[in-house]
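Undergrad: I'd like to go over a predicted model; first the sequence, then the structure.
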Amino acid sequence: MNTLVHTGSFLGNLTGTVLFLYFQGCGILFSGFLLRKKDMITRLLCGSVLGSVLLMWIPALFSFIFGFSKLSHILAAGSCTLILFLLDFFKAENAPYHLPSRECIRAFLKKHRIFLILCSTTFILFAYMLSTHTLLVKEDGLHTGQCSYGDINFHLGVITGISVQQTFPPEYTISPGHRLCYPFLCDSISSSLYTFGASLRYAYMFPMYFAILQVMTGFYCFAYTWLKKVSKACLAWFLFFYNGGLGFLYFLDWTNNKTYFFQNIFTEYYQTPTNLISNNIRFVNVIVDMLLPQRATLFGYAVLFPCLWLLWRAVYHQEKDLFAFCALLVGALPMIHTHSFLAMAMVSASWLLMQLYHSLPHKLPIKKPGLFLCLSFFTGMSILQLFSHGEAGSDSPVFMKICLSVLALLFLFGITALCSYIKQNGCKELLFTWGIYLVIILMLALPQLFNWTFSQASGSGFTTSHFNWSNQGDPYLWFYIKNFGVIFLLLIPALIYCSKKTFAIICPAFLIWFVMELISFSPNTYDNNKLLYVVYLFLCCLCADYGDWIYQKAKRLPGVRLWTVCFLLFSCVSAILTLGREIVSDYTLYANNHVEAALYIEQSTPPDTVILTNDRHVNEITSLTGRNIVSGSPLLLSTHGIYDEQKVQDVKSMFEDPAASAALFEKYDVDYIMISSWERSSFALDETLFDQLFTCVFTSGDIRIYQIHQL
């Protein structure tokens, strides 16, 4: 059994590391076979991403039979090894394999040194914050930071629950009996390390180091391949990862009656320039509030960004051999990050539609398609906002009908274009490119969608009509100006003057933007921001392209460099302040006596034990031990569509009237009851009853754990 949290042995951490690196090596070797003709960066990045995907998926497949056990992982590693031997045995004897010379490597590093500096600096910041935010041991207990205070509890519970209980498919530890339909593979990759003896802290962090590098490198490769210039790609990268709107303006000393003070950024809970809900600043910094705390987004983007790069090359560079490899990664996405899979589906559909359209003989009736797109999109959204009477996040079913109608029209147009294309050019080329791409994705994705995603999406609150994302009443265009920031100075003219090829490339962004503004894909409508960041990726590249063009035209004019520095400063000042707040943030997650209680539960109870606690989200029982509780945080359960009001009332009855709740204890298979300050503040307890009815097996400070016997 794993020792708790931070006390994992060196051997356990080493074993987990070897397991992870072995699958990384397998992924790189696989990419060496499948992408033999490609350059070193393509093979390394795609191989690393594939290695992570293999560690998520191959043990999971064996776990359907053997549970999430060491045996499943050994069989997974063995099967990868066997396939590699077979590929090596049957490979063409004279198949070319390109290895760059030292001179080429030096030239490459010199050419991309700006990105390497940006990437390494950001990685160090990320690694530091990840360390201080992940079960950091201090005198009074285990600590975390501001952005992780909520999310880390759930992810730890999934990691430990999968590893300890070994049930597959896994269930929610915060709601036993409900299948875990959340994309859990982002956590199972850490469960694998934890299963082999790594400490929970190490198992949580180590795969994330690789994932953030995959995200940052994937974005840069996509931007550089599209924009064909290092300065443009680095600018796009900088605008994306150091995104921040105009929220910093609220902290300036405009009047004597201020709402926010500058020092509050670094001392108050969520008073940062990128997250001011009361002032409608909702587009948070992608590093601090998305990639660091939200593991599904991190590991999803680690696959999505390289996939965008591969598909772009397949479509616009005619590297048709990349379709199959890209499809392999896309097909694995639904249970890694469903929003990334949805985004990739819309990107693929858009680029296919534009390819079909441009391959047919026609004259484009619009000379400036970017201007038309800009005017039609923002005008249309503003009209819809007027239709909703300016209400914040209107939920009228009309919006879903509008969205589905537009999608239906695009589908009919696509079918028409496809038929015309086949009639003129035949279907062979499409079958061996987009056809292979679609078949592989459907073969891999449909079982996931039917087994997990659709069953959850059919629940309450999923896939509902909802207009205007998280805008709380601002005019549509102004809401995005103050959330995106000074990038809007470049966005509008960049759209107006973009070329027809650039227009075709950015079309997916506006399709995704349109859909996420009209349909919410989870009970928490804010979660659509995971789609909005994909939109922002395209917009950053578009603006970087146009911004560099302006700079090259005006760089000899006096003061241009100063204005450029000012632009970059204003684009990132909110992000820098938010990063500063996160670096200094420090909150106690689990106090020492709660950690001791978790240690007792871990060492003294079987994996399927059910413990009765209150519904706090910082629940050390599920997070640190992987054991079940009767009912977890209502907010968390609601966002996953599994909130049960009756269960909440039953928990209250068991705490407040235990003598009359024998049937409820049996119904929920409760083995232990935990009473701490949390439970005392949540319920009207008569602790003398618990002493009379149950056996107290653990005491530490204000915590008492009772073992249930037959009433």
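TA: Arrived safely, thanks for sending.

Undergrad: only C-alpha atoms for contact and neighbour calcs from this point on.
TA: Noted.

Undergrad: okay, strands next: where are they in the stretch 551-700 of the chain?
TA: Taking DSSP state E, counting those that start in this stretch, the strands of the stretch 551-700 of the chain run over residues 587-591, 610-612, 628-629, 672-675, 695-700.

Undergrad: return the most buried member of these.
TA: Per residue and on average, the most neighbours among those fall to strand 628-629, with a mean of 27 (mean count of other Cα atoms under 10 Å).

Undergrad: pull the distance from the worst-scoring helix or strand of the chain on mean pLDDT to the chain's centre.
TA: Within the chain, no helix or strand scores below helix 454-457, which has a mean of 76 by mean pLDDT, DSSP states H and E. Helix 454-457 sits 19 Å away from the centroid of its parent chain (Cα atoms, centre = their mean, to the nearest Å).

Undergrad: related to what we said a few turns ago, in a markdown table: the strands of the stretch 551-700 of the chain, plus distance to residue 229.
TA: As requested, the strands of the stretch 551-700 of the chain are exported to a markdown table (distance: least, Cα to Cα, whole Å):
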| stretch | distance to residue 229 |
| --- | --- |
| strand 587-591 | 43 |
| strand 610-612 | 57 |
| strand 628-629 | 53 |
| strand 672-675 | 60 |
| strand 695-700 | 62 |
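
Undergrad: closest to residue 597 out of the ones you listed?
TA: Residue 597 lies closest to strand 695-700 among the strands of the stretch 551-700 of the chain, at 7.4 Å (Cα to Cα).

Undergrad: and that closest one, how far out from the chain's middle?
TA: Using Cα atoms, centre = their mean, the offset of strand 695-700 from its chain centre is 40 Å.

Undergrad: and residue 708, which of the strands of the stretch 551-700 of the chain is closest to it?
TA: Here strand 672-675 is closest among the strands of the stretch 551-700 of the chain (Cα to Cα), at 5.6 Å.

Undergrad: give me the helices and strands touching that closest one, please.
TA: Applying 3 or more Cα pairs under 8 Å, 6 or more residues apart in numbering; DSSP states H and E, one finds that strand 672-675 contacts strand 610-612, strand 703-707.

Undergrad: which strands or helices does the shortest one pack on?
TA: Taking 3+ Cα pairs under 8 Å, 6+ apart as contact, the helices and strands that strand 610-612 lies on are strand 628-629, strand 672-675.

Undergrad: tell me the strands beside it, with direction?
TA: Its sheet considered, strand 610-612 pairs with strand 628-629 (parallel), strand 672-675 (parallel) by DSSP bridges.

Undergrad: now swap in the last one and tell me
TA: Sheet pairing of strand 703-707 (DSSP bridges) gives strand 672-675 (antiparallel), strand 695-700 (antiparallel).

Undergrad: sorry, back to before: which one of the strands paired with strand 610-612 lies closest to residue 491?
TA: strand 628-629 (49.2 Å).

Undergrad: what's in contact with that closest one?
TA: Strand 628-629 has contacts (Cα atoms under 8 Å, 6 or more residues apart in numbering) with 172-176, 608-613, 621-622.

Undergrad: what about 10 Å?
TA: 157, 161, 165, 171-177, 607-615, 619, 621-622, 668, 670-673 (Cα atoms under 10 Å, 6 or more residues apart in numbering).

Undergrad: among those, name the ones in helices.
TA: Among these, DSSP state H puts 157, 161, 165, 621-622 in helices.

Undergrad: need the contact list for residue 426.
TA: Listed by Cα under 10 Å, 6+ apart, the contact set of residue 426 reads 419-420.

Undergrad: now the two most distant members of the ones in helices among the contacts of strand 628-629.
TA: Across these (Cα to Cα), the longest gap, 13.5 Å, separates 165 and 621.

Undergrad: so which of the two has more stuff around it?
TA: The residue with more neighbours, out of residue 165 and residue 621, is residue 621; 26 against 22, by other Cα atoms under 10 Å.

Undergrad: please name the nearest non-neighbouring residue to the more buried one.
TA: By the measure of Cα to Cα, 6 or more residues apart in numbering, the closest residue to residue 621 outside its immediate chain neighbours is residue 598, 5.6 Å from it.

Undergrad: please apply the same query to residue 287.
TA: Nearest residue to residue 287 in three dimensions, chain neighbours excluded: residue 241, at 6.3 Å (Cα to Cα, 6+ apart).

Undergrad: would you list the phi and psi of that neighbour?
TA: Backbone geometry at residue 241, expressed as degrees, to the nearest 10, gives phi -80, psi -20.

Undergrad: tell me the confidence at it?
TA: Here the pLDDT value assigned to residue 241 is 98.

Undergrad: for it, which residues are in contact?
TA: Contacts for residue 241 (Cα under 10 Å, 6+ apart) come out as 122, 216, 219, 285-288, 291, 537, 540, 572, 575.
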